[in-house]
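Asker: sequence and predicted structure, then a few things I'm wondering about:
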Amino acid sequence: MIMALFGLFGKDRPQASADRAALSAGLERSRGGLLGKLGRMLVGRTTVDDAVLDDLEEVLVSSDVGVDTTLSIIRRVQERVARDKYVGAAELDRILREEIIDLMKDPPPVRTDAKPYVIMVVGVNGVGKTTTIGKLAHRLKKSGLSVMLGAADTFRAAAVDQLRIWSERVGVPMVSQGMGADPAAVAYDAVESAKARGADVVIIDTAGRLHNKVNLMHELTKVRNVMRKVVPDAPHEVLLVLDASTGQNAMEQARQFTKATDVTALALTKIDGTAKGGVAIGISHEFQVPIRYLGIGEGIDDLQEFDRRTFVEGLFARE
């Protein structure tokens, strides 16, 4: 049953073509900026020489791919050009797609023997963390799984209230102790309750504060440790939620959270409202953490499992 956690988004399901269309539409702004820059760069060029590679580097960096990842892509393209002997500028688009797809990682397989499957969600306030939890709970419930929520972001009353709204909207139970409660105690109660009820999945919301990294690390470690008193190998997923529209700021958040805890996957929100979709490539590569989900709209169903090939093809698709 737990296989539905990720099989829900399988490419063979009838909904897959609709999801690809929605993703393509969501990437319109990012695609327009990237392809426009590439098109202008290649005007009058017939071969991929050092000048083209220099210009390509500038295009990728300005598209929020990130410096380190851009240099990796340029190095890969250089190797392809040297190996293939002659590469025309018109082929650069195809080579870029292939190398970027190869650069990114697939999410790890889900643990099929875990019940409840524990997802700890981290991320700063304002990135769409609670909304992502609500959408994920909705999709899991639609797939036939029983889901519970844990309101362990107890430092803001609004966070608990917002999660409660999503809990009621989706129709899944939530465990909370209100503002000011010990986050670890809430997480413990949520996992214990999920286990007692035989729930398939429990999603734990956590506080999103970055002003003190030492406290953040201590808090997240404490939450993990208390959950393991109930489910020894919990959490099975640590999902970092990032706002794609913040570009390099999202990169910095990824840097801080991957230092603070063992992030296993990413969820990128607001991908449809930004021209900075290239940041997905940079974050996934630089921190070697796969993207699990993309938020492509405001609706309750606007959450997709990330597929690197579909994403890159959508980013480079020419109408």
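Answerer: Ah, there it is.
Asker: compute the distance between residue 120 and residue 239, please.
Answerer: To residue 239, residue 120 is 7 Å away according to C-beta to C-beta, to the nearest Å. From N, CA and C alone the C-beta is placed, and that goes for glycine too.
Asker: okay, those two: which has more neighbours?
Answerer: Under the criterion of other C-beta atoms under 10 Å, the comparison of residue 120 against residue 239 puts residue 120 first, with 28 against 23.
Asker: hmm, that one is touching residue 224, no?
Answerer: Yes. Counting by C-beta atoms under 8 Å, residue 120 does reach residue 224; the two are 7.0 Å apart.
Asker: need the residues touching each of these two.
Answerer: Contact criterion C-beta atoms under 8 Å, 6 or more residues apart in numbering; residues bridging residue 120 and residue 224 by contacting each: 234, 235.
Asker: who does the host helix or strand of residue 185 touch, helix- and strand-wise?
Answerer: Assignment of secondary structure by DSSP states H and E places residue 185 within helix 183-197. Other helices and strands packing on helix 183-197, by 3 or more C-beta pairs under 8 Å, 6 or more residues apart in numbering; DSSP states H and E, are strand 117-122, strand 147-152, strand 174-175, strand 201-206, helix 213-227.
Asker: which stretches of this protein form helices?
Answerer: Taking DSSP state H to define them, one finds helices in the chain at 4-7, 16-26, 28-42, 50-62, 67-84, 92-103, 129-142, 157-170, 183-197, 213-227, 248-260, 279-286, 308-316.
Asker: including mean pLDDT, could the helices and strands packed on helix 183-197 go into TSV?
Answerer: Formatted as TSV, those follow (pLDDT from 0 to 100):
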stretch	mean pLDDT
strand 117-122	96
strand 147-152	96
strand 174-175	97
strand 201-206	96
helix 213-227	84
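Asker: among these, show me which one is buried the most.
Answerer: Highest mean neighbour count among the helices and strands packed on helix 183-197 (mean count of other C-beta atoms under 10 Å): strand 201-206, with a mean of 30.
Asker: quick one: strands adjacent to it?
Answerer: strand 117-122 (parallel), strand 147-152 (parallel) (DSSP bridges).
Asker: can you list those strands in TSV and add distance to residue 201?
Answerer: Below are those laid out as TSV (distance: least, C-beta to C-beta, whole Å):
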stretch	distance to residue 201
strand 117-122	5
strand 147-152	5
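Asker: okay, residue 8: pLDDT?
Answerer: Reported pLDDT at residue 8 in the predicted model: 48.
Asker: where does residue 302 fall, phi/psi-wise?
Answerer: For residue 302, the backbone dihedrals (degrees, to the nearest 10) come out as phi -90, psi 60.
Asker: and it, what does it touch?
Answerer: Contact analysis of residue 302 by C-beta under 8 Å, 6+ apart lists 22, 135, 272, 295, 296.
Asker: let's go with 6 Å and repeat that
Answerer: Contact analysis of residue 302 by C-beta atoms under 6 Å, 6 or more residues apart in numbering lists residue 296.
Asker: any idea how far residue 230 lies from residue 292?
Answerer: For residue 230 relative to residue 292 (C-beta to C-beta), the value is 24 Å.
Asker: more crowded one of the two?
Answerer: A direct count of neighbours by other C-beta under 10 Å for residue 230 and residue 292 places residue 292 higher, at 23 against 20.
Asker: hey, what's the closest residue to the more buried one other than its chain neighbours bridged with?
Answerer: Distances taken as C-beta to C-beta, 6 or more residues apart in numbering put residue 265 closest to residue 292, at 3.8 Å, once the chain neighbours are dropped. Beta bridges link residue 265 to residue 239 when assigned by DSSP bridges.
Asker: and for residue 265, the neighbour number?
Answerer: Residues lying near residue 265 (other C-beta under 10 Å) number 19.
Asker: same thing with residue 198?
Answerer: By other C-beta under 10 Å, the residues close to residue 198 number 9.
Asker: state the phi and psi torsions of it.
Answerer: phi 70, psi 30.
Asker: quick one on the thing from earlier: pretty sure the residue nearest to residue 292 contacts residue 291?
Answerer: No. Using C-beta atoms under 6 Å, residue 265 makes no contact with residue 291, being 7.1 Å away.
Asker: and the residue nearest to residue 55 when sequence neighbours are not counted, how far from residue 74?
Answerer: Excluding its sequence neighbours, the residue lying closest to residue 55 (C-beta to C-beta, 6+ apart) is residue 41, at 4.6 Å. According to C-beta to C-beta, residue 41 and residue 74 sit 13 Å apart.
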